[in-house]
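**Student:** need a structure here:
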Amino acid sequence: TLPSIAPGQTGVVALPWRDSLPGTAGPTHAPAPNGRPLWHVNVDVRLAADTPWAPAGHAVSFEQFDVTAATATRGQAAAGPAARAAAVARAGEVEWPAGLSVSDDGLLVGSGDAPIIRGGIGNFFRATTGIDRGTGGESYANDWYRAGLDRLERKVVSMTTGERVVVDAVYQVDGHTRFEQRSVYEPVGPDAIGVEETVVCDPALPVLPRIGVVYEVDPSLSRVEWLGRGPHESYCDRTLSARVGRYAGTVDDQHYPFILPVECGGKEDVRWIALVDGTGRGVAFSSDIAFHASALRHSVAEYEAAQHGWDLATSDRIHVNLDHRHLGLGGDVGWYKCIDEEYLIHPGTYRYRYIVRLVG
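**Tutor:** Numbers count the residues shown, from 1 in each chain. So this is what the prediction gives:
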């Protein structure tokens, strides 16, 4: 409860502190990049009494403050999953998890009880939104179509195997290379694979819609849980209404039925996302650096091709999009390019890491 503060004045609120809070620990609790837990302070402004337009307790406003950095002096916490995994791998203590392997075409695949169909495919396009398309020739979508981002062909250039697997692939349009992708797969635990991605973009490319990968998992993994912004969708230029927290729902709920199907369901500032079935069996993706993620029953290509909701046929897999970077949505206007510079993705070289872990 806030103290009574008059307009123009300030006050101090003492917050109780506990180094461990109920429900925050566990195998899916994601730490910050420095290995410490994430800490946020949520402030809600609610009506103290009934009004003609809303009852007492109605939320008028809220704010969330990231105080993770302010906790750095409170003693040493356990290392994050990537740091722990790297240490285990260096010690040579693990072998490849049962059921996970890299296929001849350089993709992570599952066998037996492992629910991954395939994954690690470069993802550099999004199902264009109305703002992407604009109303004239000069639009983000037309730039992407001219660059062929909607029809990239993946080709494996080389693959080396051993304690880790290194796959070099290119993504081409009409024989012209648009992206080079190096994927390094390495076991980092009895049930986990660490993946390091390096993407080099053709410098002639326009502003890009995303830099990421997509995984296809078993359709029975119909429950999704994540630590990140939610519960509704959010993008890098639309985050203020979506608090960082731990959320859960169904994969079907992540789809939004726009009249013209477009990109939807994305979550910003994600640290981990897990897909599980009714028994808790599934797969989790995590990183020490926040990423953008979505889990949908339809692929980017299927959303892009659909003209109506009924064009989205029943799928035999769930598509998990993991984006190191995802373009903002814009929206100042809807008829020309209007995404602010800080939310653009320019061609360059991008490096990122994540962990794929079997759960349950």
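
**Student:** remind me which residues of this structure are low pLDDT?
**Tutor:** 1-2, 17-36, 70-94, 136 (pLDDT under 70).

**Student:** could you pull out the helices for it?
**Tutor:** Per DSSP state H, the chain carries helices over the ranges 81-90, 130-133, 140-147, 251-254, 300-305.

**Student:** end-to-end on stretch 307-314?
**Tutor:** Terminal residues of stretch 307-314 lie 16 Å apart, using CA to CA, to the nearest Å.

**Student:** buried residues, that stretch. List them.
**Tutor:** Leu312 (16 or more other CB atoms under 10 Å). No exception for glycine: its C-beta is placed from N, CA and C like everyone else's.

**Student:** off-centre distance for that stretch?
**Tutor:** 24 Å (CA atoms, centre = their mean, to the nearest Å).

**Student:** ok, now stretch 232-240?
**Tutor:** For stretch 232-240, the distance to the chain centre is 12 Å (CA atoms, centre = their mean).

**Student:** what's the end-to-end length of that stretch?
**Tutor:** 11 Å.

**Student:** quick one: contacts of it?
**Tutor:** Stretch 232-240 is touched from outside by 229, 241-242, 254, 256, 264-269, 292, 294, 326-331, 339-340, 343, with contacts defined as CB atoms under 8 Å, 6 or more residues apart in numbering.

**Student:** just the buried residues from the residues you listed, in ChimeraX please.
**Tutor:** In ChimeraX, this line selects whichever of the contacts of stretch 232-240 come out buried by 16+ other CB under 10 Å:
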select :229,242,254,264,265,266,267,268,269,292,294,326,327,328,329,330,339,343
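
**Student:** so Asn123 bridges to which residues?
**Tutor:** Beta-bridge partners of Asn123, counted by DSSP bridges, are Gly212.

**Student:** actually Ile355, not the one I wrote
**Tutor:** The residues listed as beta-bridge partners of Ile355 by DSSP bridges are Gly194, Ser286.

**Student:** what's the neighbour count on it?
**Tutor:** By the measure other CB atoms under 10 Å, the count of residues near Ile355 is 21.

**Student:** same deal with Trp226?
**Tutor:** Trp226, neighbours per other CB under 10 Å, totals 27.

**Student:** how about Asn123?
**Tutor:** 23.

**Student:** am I right that it is in contact with Arg210?
**Tutor:** Yes. Using CB atoms under 8 Å, Asn123 is in contact with Arg210, at 6.1 Å.

**Student:** mutual contacts of those two, please.
**Tutor:** 321, 323.

**Student:** OK, contacts around the nearest residue to Asp191 once chain neighbours are set aside?
**Tutor:** Leaving aside its sequence neighbours, Asp191 sits nearest to Leu358 (CB to CB, 6 or more residues apart in numbering; 4.5 Å). Contacts for Leu358 (CB under 8 Å, 6+ apart) come out as 97, 99-100, 114-115, 191-192, 282-283.

**Student:** let's see that with 7 Å instead.
**Tutor:** Contact analysis of Leu358 by CB atoms under 7 Å, 6 or more residues apart in numbering lists 97, 99, 114, 191, 283.

**Student:** for Leu107, see how far away it is.
**Tutor:** 16 Å (CB to CB, to the nearest Å).

**Student:** same deal with Leu205?
**Tutor:** Separation of Leu205 from Leu107 (CB to CB): 24 Å.

**Student:** more neighbours, these two?
**Tutor:** Between Leu205 and Leu107, counted using other CB under 10 Å, the more crowded position is Leu107 (23 against 19).

**Student:** who's the closest residue in space to the more buried one that isn't next to it in sequence bridged to?
**Tutor:** Nearest non-adjacent residue to Leu107, counting by CB to CB, 6+ apart: Arg118, 4.6 Å away. Beta-bridge pairing of Arg118, defined through DSSP bridges, involves Glu216.

**Student:** contacting residues for Arg118?
**Tutor:** Shown here is Arg118, whose contacts under the criterion CB under 7 Å, 6+ apart are 107-109, 216.

**Student:** got the phi and psi for the residue nearest to His58 when sequence neighbours are not counted?
**Tutor:** Distances taken as CB to CB, 6+ apart place Leu47 nearest to His58, at 4.8 Å, with adjacent residues excluded. The phi/psi pair for Leu47 (degrees, to the nearest 10) reads phi -70, psi 130.

**Student:** what's the neighbour count on Leu47?
**Tutor:** If you count neighbours by other CB under 10 Å, Leu47 ends up with 14.

**Student:** what distance do you get for the residue nearest the centre of the chain to Cys264?
**Tutor:** By CA atoms, centre = their mean, the chain has its centre lying nearest to Ala293, at 2.2 Å. Separation of Ala293 from Cys264 (CB to CB): 13 Å.

**Student:** and Val300, by the same measure?
**Tutor:** Taken as CB to CB, the span from Val300 to Cys264 is 11 Å.

**Student:** repeat that for Ala274.
**Tutor:** 20 Å.

**Student:** and Val13, by the same measure?
**Tutor:** For Val13, the distance to Cys264 - CB to CB - is 38 Å.

**Student:** same thing with Trp335?
**Tutor:** Taken as CB to CB, the span from Trp335 to Cys264 is 21 Å.

**Student:** just list whatever residues bridge to Arg154.
**Tutor:** Tyr171.

**Student:** got a list of what it touches?
**Tutor:** 121-122, 169, 171 are the contacts of Arg154 under CB under 7 Å, 6+ apart.
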